[in-house]
Structures are given as structure tokens and as C-alpha cells.
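**Student:** coords please:
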Amino acid sequence: MIPNAIHCEDLSKSYGGVRAVDHLRLEVPAGAIYGLVGPNGAGKTTAIKMLMNIVRPDAGHATVLGCDSRQIGPEQFTRIGYVSENQHMPDWMTVGYLMSYLKPFYPRWDDARADELLRQFDLPLDRKLKNLSRGMWMKASLASSLAYRPDLLVLDEPFSGLDPLVREDLIQGILDSADETTILCSSHDLAEIETLASHIGYMERGILRFSEEMDTLTARFRVVEVTVGTAALMPGNGRWPARWTRPEIAPSLVRFVDSMYDAERTDLDIRELFEGVTGVAAHPMPLKAIFLTMARSASPKGGR
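**Tutor:** Below is the predicted model of the structure:
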């Protein structure tokens, strides 16, 4: 097995002089569930389209399942599942006809798995795709991509605009395939990504700001609250650690986000910077709070 299902080196793409993806370096380990997050316009969809050979990069190089992304074609797509919120399917087909139509194109098509997915998603075989709700349409798209047991499943905003029950069904279908499939999922739905992902990458303005295992990410971000016996004062210029962001000062209390939290080091820094410390508390942050911290720190009005 190749160590990385996806590997990018300085992948770049511009539209009309605007850099949509800027020297992307990304590795998705084989067997991972990789969540790619970021604000609107961050470049996530453009990056995925380059990986899928839908658009050509201006510069850089990428491999997908060991194949140059610019050479991906029908043979490679027999091992890759691709589901996008803007994906086109022949809406005149019924669900049953779609599955039958696709089967000959995929040597690894598994009839038993296809039937299982149709039952699990409660898909009506005799209904035309154009008459499906958005949620059922997404289920049909996912079922048709999982029926041939792909080595890689690429999901571009799969949960957008779906109700909670449909999301839960989709997530269960994805998780049921995780043992045999590497998954790359781009989504704004951070709560869902948090339940899925083993790895996380954050893109902003076309740049991948960080990429790491989910456990490592959530371990290093903490909301820290410092209580002092006297009125709290902000430390002088040059003394505030760069890893501490979004400070809030109240009487006898200082609150901030530590993006590289280490209990011993953080405590030592606090006691050097503040007088009369009576208590220090560090609280874990959900992915959404981490995302907002990163986005606000990167904006002209954000940071400290």
C-alpha cells in the first residue's frame, strides 16, 4: 500500500489574476479520513478539482493513488469515488437504472454492497433522479460511489443544505466504508467533520495554514483563564507570546486562546507575566471554535 493516497507539491491555480490555490503542499495518508476545512473562497473546491483532473494546475505536482493527477482518467476512476454538491447526474434515470448503468464501468462493483447501500439509504429504485429531494439525491450519489468499494472517496461539501437525519445517514455510510477506503472530505459543517476526521487541514486564501492529526490539533488548542488577586493588566509590548491570541481582560480575569498549549510551559509563562495569580484553568475547544480562532487571527481585524 502506498503511504499517502494523495500527495501535493506546490500545487497552484489562478483565475483572472487571483490565486485560488497557492503552492499547496498536502499529504493524505492512506487509510485516513481527512477533513479539509476553511472559509468560503479558501480554495478547497479548486484544490479538489485539480486532484480529480477536472481543472489543470498552473504549477506544481500532485499524485493520487500513485498516479499523476494530470493523467487521471477512466481507469483511475474505477478506484476513486467522487461526490460533489454541484455534481451532475443523468436526472432522467431512475435510481435503479443508474446503478445498473454504472455497474459495467467498474470491475470491482459489488452487487451485495450496492443492495446494502440502497436499503441503508432507503432509496426508491423506481424514482427518477430529477424527482428526488436534495438529501435523497446525495444518498444516490454516495451509494453509486461506494458500490464498487473505491480505494479513495473524495467528498466536496457533501452535507451542505441537508437536514440532520440525512446527514446522519450519509455519515454512517461513509464510516461503514472507512476500513477499506481513504476519505478526503471538504466541508463547512465543522461539527460533522469533527465526528468523522482522523486528520484535518485548514485552508485560507488559497494557502494550507496547517495540516495534522485531529487528536494533535485538539490537544494543542485551549481556552486559558487566569484569575489574579488584583486588577488584571495586559503585559507590556513584546512580552505577550505569539501563540496566545484573542485576549480578553476583565477585573481579576484574563482569558485567551493558546494555540500551542503545554500545561507546564503555559503555567510558567503565565506566572512570569502576571502578578498575584490565584488560578489557571484550561478548557478544550471544539473544532468550530478552533476554526473561528484561526479565521479571525488571519483577518486584518483579528489576532491580538
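**Student:** What residues does Ile174 make contact with?
**Tutor:** Ile174 makes contact with 33, 142, 153, 155, 183, 185, 196 under the criterion CB atoms under 8 Å, 6 or more residues apart in numbering. Backbone N, C-alpha and C define where each C-beta goes, glycine included.
**Student:** top of those by neighbour count?
**Tutor:** Neighbour counts for the contacts of Ile174 (other CB atoms under 10 Å) peak at Leu155, which has 27 neighbours.
**Student:** Provide a list of residues in contact with Ala140.
**Tutor:** Counting by CB under 8 Å, 6+ apart, Ala140 touches 89, 95, 98, 121, 123, 129, 132.
**Student:** Name the strands paired with the top strand by length along the chain and say parallel or antiparallel.
**Tutor:** In the chain, assigned by DSSP state E, the strand with the most residues is strand 4-15. Strand pairing for strand 4-15, determined by DSSP bridges: strand 18-24 (antiparallel), strand 27-29 (antiparallel), strand 59-64 (antiparallel).
**Student:** distance between that strand and the chain's centre?
**Tutor:** 16 Å (CA atoms, centre = their mean, to the nearest Å).
**Student:** C-alpha coordinates for it, PDB please?
**Tutor:** C-alpha atoms of strand 4-15 as PDB (Å, rounded to 0.1, in the frame of the first residue of the first chain):
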ATOM      1  CA  ASN A   4       0.000   8.600   1.000                       C
ATOM      2  CA  ALA A   5      -3.200   8.300  -1.000                       C
ATOM      3  CA  ILE A   6      -2.700  12.000  -2.000                       C
ATOM      4  CA  HIS A   7       0.500  13.900  -2.300                       C
ATOM      5  CA  CYS A   8       0.800  17.500  -3.500                       C
ATOM      6  CA  GLU A   9       3.900  19.600  -4.100                       C
ATOM      7  CA  ASP A  10       3.400  23.400  -4.600                       C
ATOM      8  CA  LEU A  11       0.100  22.900  -6.500                       C
ATOM      9  CA  SER A  12      -1.100  26.300  -7.700                       C
ATOM     10  CA  LYS A  13      -4.100  27.700  -9.700                       C
ATOM     11  CA  SER A  14      -5.100  31.300 -10.500                       C
ATOM     12  CA  TYR A  15      -8.300  32.700 -12.100                       C
END
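**Student:** buried set for that strand?
**Tutor:** By 16 or more other CB atoms under 10 Å, the buried positions in strand 4-15 come out as 4-8, 11-13.
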